[in-house]
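K.L.:
Okay, here's the prediction I keep looking at, along with the sequence it came from:
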Amino acid sequence: MENLRLLTNSMRSKFAQCHRAYKLAYVDMKRPVVASDALSFGTAFHALLERYWKREEITEDLFALDDPFKAVTLRKLFDGYCLKYLNDDISKYDSLGAEIGFEAPLMNPETGAVSRTWTLAGKIDAIAREKDTGRTVIVEHKTTSQDIGPGSDYWKKIPIDGQVSGYYVGAQVAGYDAQNCVYDVIRKPAIKPSSSIPVLDEEGLKIAVYEDSGERAYNKNGKPRQSADKDNGIILMTREETPEEYGERLADDIAARPDYYFARLDVARSSDDLAEYLFDMWAVGREIADAERMGRFSRNPNACSMYGQCEYFDVCTGCASIDDVTLFRKADKPNEEL
(Lines give C-alpha, C1' and ligand atoms only; values in the text may rest on other atoms or scores of the structure.)
Protein backbone atom coordinates (compact mmCIF):
# COMPACT_ATOMS: atom_id res chain seq x y z
CA MET A 1 0.00 0.00 0.00
CA GLU A 2 3.07 2.20 0.10
CA ASN A 3 2.42 4.02 -3.20
CA LEU A 4 -1.36 4.07 -2.96
CA ARG A 5 -3.41 7.12 -2.09
CA LEU A 6 -5.75 7.08 0.87
CA LEU A 7 -9.49 7.21 0.22
CA THR A 8 -11.55 8.25 3.26
CA ASN A 9 -15.22 8.75 3.96
CA SER A 10 -14.55 12.49 4.35
CA MET A 11 -13.20 12.56 0.79
CA ARG A 12 -16.21 10.62 -0.43
CA SER A 13 -18.61 13.02 1.29
CA LYS A 14 -16.83 16.11 0.01
CA PHE A 15 -16.75 14.81 -3.57
CA ALA A 16 -20.44 13.88 -3.41
CA GLN A 17 -21.27 17.31 -2.01
CA CYS A 18 -19.33 19.33 -4.60
CA HIS A 19 -16.53 18.31 -6.96
CA ARG A 20 -14.98 21.78 -6.86
CA ALA A 21 -14.90 21.83 -3.06
CA TYR A 22 -13.21 18.43 -3.19
CA LYS A 23 -10.53 19.76 -5.54
CA LEU A 24 -9.77 22.77 -3.37
CA ALA A 25 -9.60 20.65 -0.20
CA TYR A 26 -7.90 17.46 -1.38
CA VAL A 27 -6.10 18.25 -4.64
CA ASP A 28 -4.98 21.81 -3.94
CA MET A 29 -4.92 20.99 -0.20
CA LYS A 30 -6.22 24.42 0.74
CA ARG A 31 -7.99 24.57 4.08
CA PRO A 32 -9.58 27.52 5.91
CA VAL A 33 -7.26 29.23 8.38
CA VAL A 34 -10.18 29.53 10.80
CA ALA A 35 -12.27 26.38 11.16
CA SER A 36 -16.05 26.73 11.18
CA ASP A 37 -17.74 26.97 14.57
CA ALA A 38 -19.42 23.60 14.02
CA LEU A 39 -16.13 21.91 13.13
CA SER A 40 -14.13 23.43 15.99
CA PHE A 41 -16.80 22.55 18.56
CA GLY A 42 -17.13 19.02 17.23
CA THR A 43 -13.36 18.56 17.31
CA ALA A 44 -13.21 19.78 20.91
CA PHE A 45 -15.97 17.43 22.06
CA HIS A 46 -14.32 14.61 20.15
CA ALA A 47 -11.08 15.19 22.07
CA LEU A 48 -12.96 14.89 25.36
CA LEU A 49 -14.60 11.64 24.31
CA GLU A 50 -11.25 10.23 23.23
CA ARG A 51 -10.00 10.70 26.81
CA TYR A 52 -13.32 9.39 28.14
CA TRP A 53 -13.01 6.08 26.27
CA LYS A 54 -9.30 5.76 26.99
CA ARG A 55 -10.22 6.21 30.67
CA GLU A 56 -7.71 9.06 30.90
CA GLU A 57 -7.82 12.23 32.96
CA ILE A 58 -9.96 15.07 31.64
CA THR A 59 -7.76 18.15 31.95
CA GLU A 60 -8.77 21.81 31.93
CA ASP A 61 -6.97 22.59 28.68
CA LEU A 62 -9.53 20.45 26.82
CA PHE A 63 -12.19 23.08 27.60
CA ALA A 64 -10.09 26.03 26.41
CA LEU A 65 -11.98 27.57 23.49
CA ASP A 66 -11.55 31.16 22.32
CA ASP A 67 -15.19 32.04 22.94
CA PRO A 68 -16.12 31.80 26.66
CA PHE A 69 -19.72 30.94 25.79
CA LYS A 70 -18.60 28.05 23.58
CA ALA A 71 -16.22 26.93 26.33
CA VAL A 72 -18.99 26.82 28.93
CA THR A 73 -21.29 25.06 26.45
CA LEU A 74 -18.62 22.42 25.90
CA ARG A 75 -18.18 21.93 29.64
CA LYS A 76 -21.87 21.70 30.49
CA LEU A 77 -22.61 19.32 27.63
CA PHE A 78 -19.75 17.06 28.64
CA ASP A 79 -20.84 17.19 32.29
CA GLY A 80 -24.34 16.19 31.20
CA TYR A 81 -22.96 13.40 29.00
CA CYS A 82 -20.97 11.97 31.91
CA LEU A 83 -23.96 12.22 34.23
CA LYS A 84 -26.05 10.24 31.75
CA TYR A 85 -23.54 7.61 30.65
CA LEU A 86 -20.36 7.40 32.73
CA ASN A 87 -21.39 4.95 35.44
CA ASP A 88 -23.10 2.63 32.96
CA ASP A 89 -20.20 2.77 30.50
CA ILE A 90 -17.67 1.90 33.20
CA SER A 91 -19.76 -1.03 34.42
CA LYS A 92 -20.74 -2.23 30.93
CA TYR A 93 -17.60 -1.82 28.78
CA ASP A 94 -13.91 -2.56 28.81
CA SER A 95 -12.25 0.00 26.58
CA LEU A 96 -10.01 -1.54 23.91
CA GLY A 97 -8.78 1.74 22.48
CA ALA A 98 -9.73 5.05 20.88
CA GLU A 99 -8.82 6.87 17.68
CA ILE A 100 -7.85 3.60 16.00
CA GLY A 101 -6.58 4.19 12.48
CA PHE A 102 -6.87 1.61 9.72
CA GLU A 103 -6.02 0.99 6.08
CA ALA A 104 -7.76 -1.64 3.98
CA PRO A 105 -7.40 -2.76 0.37
CA LEU A 106 -10.01 -1.38 -2.03
CA MET A 107 -11.11 -4.16 -4.36
CA ASN A 108 -13.08 -4.20 -7.58
CA PRO A 109 -16.46 -5.62 -6.51
CA GLU A 110 -16.84 -7.49 -9.81
CA THR A 111 -13.38 -8.97 -10.33
CA GLY A 112 -11.85 -8.88 -6.85
CA ALA A 113 -8.79 -7.06 -8.24
CA VAL A 114 -7.10 -4.74 -5.75
CA SER A 115 -7.03 -1.07 -6.71
CA ARG A 116 -3.68 0.21 -7.89
CA THR A 117 -4.71 3.78 -7.03
CA TRP A 118 -6.52 3.74 -3.70
CA THR A 119 -6.51 2.14 -0.30
CA LEU A 120 -9.39 2.65 2.11
CA ALA A 121 -8.48 4.54 5.27
CA GLY A 122 -10.19 5.89 8.33
CA LYS A 123 -10.12 6.30 12.06
CA ILE A 124 -12.51 4.59 14.46
CA ASP A 125 -13.55 6.72 17.43
CA ALA A 126 -13.42 3.87 19.95
CA ILE A 127 -13.66 0.11 20.30
CA ALA A 128 -14.89 -1.59 23.46
CA ARG A 129 -15.84 -5.02 24.76
CA GLU A 130 -19.13 -5.67 26.53
CA LYS A 131 -18.31 -7.19 29.91
CA ASP A 132 -21.40 -9.38 30.15
CA THR A 133 -21.45 -10.78 26.59
CA GLY A 134 -17.84 -10.45 25.49
CA ARG A 135 -19.01 -8.83 22.25
CA THR A 136 -16.72 -6.29 20.59
CA VAL A 137 -18.43 -3.03 19.65
CA ILE A 138 -17.49 0.02 17.64
CA VAL A 139 -18.27 3.40 19.23
CA GLU A 140 -19.00 6.31 16.90
CA HIS A 141 -19.46 9.89 18.18
CA LYS A 142 -21.29 12.70 16.44
CA THR A 143 -22.27 16.24 17.38
CA THR A 144 -25.21 17.81 15.57
CA SER A 145 -27.75 20.61 15.69
CA GLN A 146 -30.50 18.36 14.33
CA ASP A 147 -33.35 16.69 16.19
CA ILE A 148 -32.13 13.34 17.56
CA GLY A 149 -35.39 12.19 19.08
CA PRO A 150 -36.80 8.73 18.31
CA GLY A 151 -38.09 8.52 14.75
CA SER A 152 -36.33 11.73 13.67
CA ASP A 153 -34.84 12.10 10.20
CA TYR A 154 -31.39 11.95 11.79
CA TRP A 155 -31.88 8.30 12.72
CA LYS A 156 -33.75 7.38 9.55
CA LYS A 157 -30.62 7.99 7.46
CA ILE A 158 -28.26 5.93 9.65
CA PRO A 159 -29.07 2.57 7.95
CA ILE A 160 -27.62 3.97 4.72
CA ASP A 161 -24.67 5.78 6.30
CA GLY A 162 -21.59 4.39 4.57
CA GLN A 163 -19.25 5.69 7.25
CA VAL A 164 -20.56 3.15 9.76
CA SER A 165 -20.03 0.35 7.24
CA GLY A 166 -16.49 1.60 6.73
CA TYR A 167 -15.81 1.27 10.44
CA TYR A 168 -16.90 -2.36 10.39
CA VAL A 169 -14.44 -2.98 7.56
CA GLY A 170 -11.75 -1.03 9.39
CA ALA A 171 -12.32 -2.85 12.67
CA GLN A 172 -11.87 -6.19 10.93
CA VAL A 173 -8.62 -5.06 9.32
CA ALA A 174 -7.43 -3.75 12.69
CA GLY A 175 -8.02 -7.20 14.21
CA TYR A 176 -11.40 -6.68 15.90
CA ASP A 177 -14.47 -8.80 15.18
CA ALA A 178 -17.07 -6.10 15.81
CA GLN A 179 -20.64 -7.30 16.25
CA ASN A 180 -22.25 -3.93 16.86
CA CYS A 181 -21.78 -0.18 16.57
CA VAL A 182 -22.88 2.10 19.41
CA TYR A 183 -23.84 5.26 17.54
CA ASP A 184 -23.49 8.06 20.06
CA VAL A 185 -24.95 11.51 19.27
CA ILE A 186 -24.68 14.78 21.16
CA ARG A 187 -27.04 17.59 20.22
CA LYS A 188 -25.78 21.13 20.53
CA PRO A 189 -28.08 23.47 22.47
CA ALA A 190 -30.67 25.58 20.72
CA ILE A 191 -30.84 28.05 23.61
CA LYS A 192 -28.49 30.98 23.16
CA PRO A 193 -26.92 33.53 25.50
CA SER A 194 -29.40 36.27 26.29
CA SER A 195 -28.74 39.96 25.60
CA SER A 196 -31.72 41.17 27.63
CA ILE A 197 -31.15 40.23 31.26
CA PRO A 198 -32.96 42.77 33.50
CA VAL A 199 -30.64 44.98 35.56
CA LEU A 200 -31.52 44.79 39.27
CA ASP A 201 -31.04 47.40 41.98
CA GLU A 202 -29.61 46.72 45.44
CA GLU A 203 -32.97 45.39 46.60
CA GLY A 204 -33.24 42.98 43.67
CA LEU A 205 -35.86 45.04 41.84
CA LYS A 206 -35.89 45.54 38.09
CA ILE A 207 -34.96 49.04 36.97
CA ALA A 208 -37.36 50.81 34.60
CA VAL A 209 -36.30 54.20 33.22
CA TYR A 210 -37.61 56.87 30.89
CA GLU A 211 -35.92 56.31 27.55
CA ASP A 212 -35.39 60.01 26.80
CA SER A 213 -34.00 61.11 30.17
CA GLY A 214 -32.69 57.92 31.75
CA GLU A 215 -34.47 58.77 34.99
CA ARG A 216 -35.97 55.94 36.97
CA ALA A 217 -39.71 55.43 36.54
CA TYR A 218 -42.09 55.04 39.49
CA ASN A 219 -45.68 53.92 39.85
CA LYS A 220 -48.37 56.26 41.20
CA ASN A 221 -47.91 54.71 44.65
CA GLY A 222 -44.29 55.83 44.64
CA LYS A 223 -42.82 52.35 44.25
CA PRO A 224 -40.23 51.66 41.52
CA ARG A 225 -41.82 50.47 38.30
CA GLN A 226 -40.98 46.84 37.39
CA SER A 227 -42.09 46.74 33.76
CA ALA A 228 -41.70 48.62 30.49
CA ASP A 229 -44.36 50.89 29.03
CA LYS A 230 -43.57 51.75 25.41
CA ASP A 231 -46.52 54.13 25.08
CA ASN A 232 -45.07 56.32 27.84
CA GLY A 233 -41.44 55.90 26.80
CA ILE A 234 -40.49 53.62 29.71
CA ILE A 235 -37.99 50.83 29.13
CA LEU A 236 -36.35 48.20 31.31
CA MET A 237 -32.62 48.44 31.77
CA THR A 238 -31.00 45.24 30.52
CA ARG A 239 -27.57 43.71 30.19
CA GLU A 240 -25.96 40.75 28.47
CA GLU A 241 -25.94 37.37 30.17
CA THR A 242 -22.53 36.32 31.48
CA PRO A 243 -20.96 32.99 30.47
CA GLU A 244 -21.43 31.76 34.03
CA GLU A 245 -25.14 32.63 34.03
CA TYR A 246 -25.62 31.05 30.64
CA GLY A 247 -23.80 27.93 31.82
CA GLU A 248 -26.13 27.59 34.81
CA ARG A 249 -29.19 27.99 32.60
CA LEU A 250 -27.85 25.47 30.11
CA ALA A 251 -26.97 22.96 32.85
CA ASP A 252 -30.51 23.22 34.21
CA ASP A 253 -31.94 22.57 30.75
CA ILE A 254 -29.67 19.56 30.18
CA ALA A 255 -30.63 18.12 33.57
CA ALA A 256 -34.33 18.66 32.84
CA ARG A 257 -34.33 16.96 29.43
CA PRO A 258 -31.20 14.88 28.86
CA ASP A 259 -32.84 12.90 26.05
CA TYR A 260 -33.02 16.11 24.02
CA TYR A 261 -29.22 16.39 24.11
CA PHE A 262 -27.98 12.80 24.15
CA ALA A 263 -29.02 9.68 22.26
CA ARG A 264 -27.51 6.30 21.40
CA LEU A 265 -28.55 3.63 18.97
CA ASP A 266 -27.15 0.19 18.17
CA VAL A 267 -26.34 0.06 14.45
CA ALA A 268 -25.71 -3.34 12.90
CA ARG A 269 -24.38 -4.07 9.44
CA SER A 270 -24.94 -7.16 7.30
CA SER A 271 -22.51 -8.63 4.81
CA ASP A 272 -24.68 -7.13 2.05
CA ASP A 273 -24.34 -3.68 3.65
CA LEU A 274 -20.56 -3.99 3.69
CA ALA A 275 -20.52 -5.19 0.08
CA GLU A 276 -22.59 -2.19 -0.98
CA TYR A 277 -20.25 0.15 0.89
CA LEU A 278 -17.20 -1.32 -0.84
CA PHE A 279 -18.93 -1.02 -4.22
CA ASP A 280 -19.73 2.65 -3.50
CA MET A 281 -16.15 3.40 -2.46
CA TRP A 282 -14.81 1.69 -5.59
CA ALA A 283 -17.18 3.75 -7.73
CA VAL A 284 -16.32 7.06 -6.07
CA GLY A 285 -12.62 6.26 -6.32
CA ARG A 286 -13.01 5.84 -10.08
CA GLU A 287 -15.05 9.06 -10.35
CA ILE A 288 -12.40 11.04 -8.46
CA ALA A 289 -9.62 9.57 -10.59
CA ASP A 290 -11.55 10.44 -13.77
CA ALA A 291 -12.12 14.02 -12.63
CA GLU A 292 -8.45 14.42 -11.75
CA ARG A 293 -7.35 12.93 -15.07
CA MET A 294 -9.58 15.34 -17.02
CA GLY A 295 -8.81 18.26 -14.71
CA ARG A 296 -12.53 19.07 -14.50
CA PHE A 297 -14.28 19.59 -11.17
CA SER A 298 -17.81 20.90 -11.55
CA ARG A 299 -19.43 23.20 -9.01
CA ASN A 300 -22.69 22.35 -7.28
CA PRO A 301 -24.62 25.53 -6.36
CA ASN A 302 -27.14 23.47 -4.39
CA ALA A 303 -24.40 22.56 -1.91
CA CYS A 304 -23.21 26.11 -1.17
CA SER A 305 -25.46 26.40 1.89
CA MET A 306 -26.05 22.72 2.62
CA TYR A 307 -24.36 22.72 6.05
CA GLY A 308 -24.06 26.42 6.64
CA GLN A 309 -22.06 28.29 4.03
CA CYS A 310 -19.37 26.32 2.22
CA GLU A 311 -15.88 27.37 3.26
CA TYR A 312 -15.01 27.94 -0.41
CA PHE A 313 -18.12 29.97 -1.32
CA ASP A 314 -16.29 33.29 -1.62
CA VAL A 315 -13.62 31.67 -3.81
CA CYS A 316 -16.16 30.23 -6.23
CA THR A 317 -18.10 33.49 -6.43
CA GLY A 318 -14.99 35.58 -7.04
CA CYS A 319 -15.10 37.39 -3.71
CA ALA A 320 -11.87 35.87 -2.38
CA SER A 321 -8.70 34.22 -3.62
CA ILE A 322 -7.72 30.68 -2.69
CA ASP A 323 -4.16 32.02 -2.46
CA ASP A 324 -5.04 34.55 0.26
CA VAL A 325 -2.94 33.28 3.16
CA THR A 326 -5.10 35.14 5.67
CA LEU A 327 -8.04 32.95 4.63
CA PHE A 328 -6.52 29.65 3.49
CA ARG A 329 -3.49 27.59 4.45
CA LYS A 330 -1.71 24.77 2.70
CA ALA A 331 -2.45 21.47 4.43
CA ASP A 332 0.47 19.30 5.47
CA LYS A 333 -1.20 16.29 3.86
CA PRO A 334 -4.43 15.62 1.97
CA ASN A 335 -6.02 13.57 4.76
CA GLU A 336 -5.71 15.73 7.85
CA GLU A 337 -8.74 13.95 9.29
CA LEU A 338 -6.60 10.86 9.93
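P.N.:
Structure's in. What do you need?

K.L.:
can you pull out the helices in the stretch 151-300 of the chain?
P.N.:
153-156, 162-173, 243-256, 258-261, 271-294 (DSSP state H, counting those that start in this stretch).

K.L.:
Let me have those in a markdown table, extended by mean neighbour count, mean pLDDT and distance to Val185.
P.N.:
(Glycine included, C-beta is placed from N, CA and C.) Shown next, in a markdown table, are those (neighbours: other Cβ atoms under 10 Å; pLDDT from 0 to 100; distance: least, Cβ to Cβ, whole Å):
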| stretch | mean neighbour count | mean pLDDT | distance to Val185 |
| --- | --- | --- | --- |
| helix 153-156 | 13 | 95 | 7 |
| helix 162-173 | 21 | 95 | 12 |
| helix 243-256 | 16 | 97 | 14 |
| helix 258-261 | 16 | 97 | 9 |
| helix 271-294 | 16 | 95 | 20 |
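
K.L.:
Can I get those in JSON lines including distance to Ser91?
P.N.:
Putting these into JSON lines (distance: least, Cβ to Cβ, whole Å) gives the following:
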{"stretch": "helix 153-156", "distance to Ser91": "26"}
{"stretch": "helix 162-173", "distance to Ser91": "23"}
{"stretch": "helix 243-256", "distance to Ser91": "22"}
{"stretch": "helix 258-261", "distance to Ser91": "18"}
{"stretch": "helix 271-294", "distance to Ser91": "31"}
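
K.L.:
Which among these is found nearest to Ser40?
P.N.:
Closest to Ser40 of the helices of the stretch 151-300 of the chain is helix 243-256 (Cβ to Cβ; 17.0 Å).

K.L.:
Need the contact partners of that closest one.
P.N.:
68-69, 71-73, 75-77, 79-80, 83, 189, 191, 193-194, 197, 241, 261 (Cβ atoms under 8 Å, 6 or more residues apart in numbering).

K.L.:
So in terms of bridging, what pairs with Val182?
P.N.:
The partner list for Val182 in beta bridges (DSSP bridges) reads Val139, Asp266.

K.L.:
For it, grab the count of nearby residues.
P.N.:
20 (other Cβ atoms under 10 Å).

K.L.:
Hmm, it is touching Glu140, no?
P.N.:
Yes. With contact defined as Cβ atoms under 8 Å, Val182 counts as touching Glu140 (7.2 Å).

K.L.:
Can you name the residues that contact Ala16?
P.N.:
Ala16 makes contact with Val284 under the criterion Cβ under 8 Å, 6+ apart.

K.L.:
Great, nothing more from me.
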